[in-house]
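Chemist: Fold the following, please.
(2 chains)
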Protein chains: 2
Amino acid sequence: MAGSPRDLSHPDVADLVLTDVLFALSDPARLAIVHQVAEGPLPDVTCQEVRGDLPKSTRSHHLKTLREAGVIRNVPEGRNRRISLRRADLDARFPGLLDAVLGDSQPLTDPSVPAVRRGAP
Amino acid sequence: MAGSPRDLSHPDVADLVLTDVLFALSDPARLAIVHQVAEGPLPDVTCQEVRGDLPKSTRSHHLKTLREAGVIRNVPEGRNRRISLRRADLDARFPGLLDAVLGDSQPLTDPSVPAVRRGAP
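Modeler: As a prediction, the model looks like this:
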């Protein structure tokens, strides 16, 4: 798939920057996305459905922030795209960080964040 | 010291919000301050000296962001103020987070962040 215009850039694991990762995780909507993909990769369209109140441009911006910080991968899959958490890379670079962040249940009980609705892939 | 105009507000441990803490930690200058106070409380004047390139207003804003997120305490001490890390509160509320963040050596080896200069209290 190299060279396809649908390929987006992703930082190498060695280039991940802690403050960039922390910033990417510091927004409730982005953290909700991370909780969702922590359960397994999601097609982009499902991420879109999860927060119906979120404008598409805002969602795209959040996905871009997460991807550029190295938190998620966003790759073509058929006609759609697939979003996945870079758990192994994050665990290798910042041991314990993701577990500590995902271990906090606050985002999922926050009434402003709707529960995950996982559509068929 | 209750009621003194020099007292600043600090959120209770139960009111700490993960995304607020992550945002407070997501700035290199603020993270450098956290690394400094992780070694022990510092008089505010020392924090000031640590980054001579940082305007006083910027430093004050960083300290405010860290305090309001619940990362540090900023209390009067004699004629000055004392800055300390709320490690126990953060560990109780978000187990493992601070260790994971402070375990990354990147901020202290970042050439843009000067080494700690710890003045006499």
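
Chemist: and chain A, which of its residues are near chain B?
Modeler: Counting by Cβ under 8 Å from any Cβ of the partner chain, chain A comes close to chain B at A:17-20, A:22-23, A:25-28, A:31, A:93-97, A:99-101, A:103-104, A:106-107. (Glycine included, C-beta is placed from N, CA and C.)

Chemist: In ChimeraX, select just the buried ones from these.
Modeler: To isolate the buried members of the residues of chain A next to chain B in ChimeraX, using 16 or more other Cβ atoms under 10 Å in any protein chain shown:
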select /A:17,18,19,20,22,23,25,26,27,28,31,93,94,96,97,100,101,104,107
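
Chemist: mind listing which of the residues of chain A next to chain B are in helices?
Modeler: If you go by DSSP state H, the residues of chain A next to chain B have A:18-20, A:22-23, A:25, A:28, A:31, A:93, A:97, A:99-101, A:103, A:106-107 in helices.

Chemist: Helices of chain A, start to end?
Modeler: A:18-25, A:28-38, A:44-50, A:56-69, A:87-93, A:97-103, A:106-109.

Chemist: And the contacts of the fourth one?
Modeler: Contacts with helix A:56-69, where a contact means Cβ atoms under 8 Å, 6 or more residues apart in numbering or on different chains, come from A:8-11, A:16-17, A:20-21, A:23-24, A:27, A:29-30, A:33-34, A:44, A:47-48, A:51, A:54, A:72-74, A:83.

Chemist: rerun at 6 Å
Modeler: Contact with helix A:56-69 is made by A:20-21, A:24, A:29-30, A:72, A:74, as judged by Cβ atoms under 6 Å, 6 or more residues apart in numbering or on different chains.

Chemist: Please identify which pair of those lies farthest apart.
Modeler: By the measure Cβ to Cβ, A:D20 and A:A29 form the most distant pair in the contacts of helix A:56-69, at 17.3 Å.

Chemist: quick one: which of the helices of chain A is nearest A:R79?
Modeler: helix A:44-50 (10.0 Å).

Chemist: What is the end-to-end distance of stretch A:72-88?
Modeler: Taking Cα to Cα, to the nearest Å, stretch A:72-88 runs 11 Å from one end to the other.
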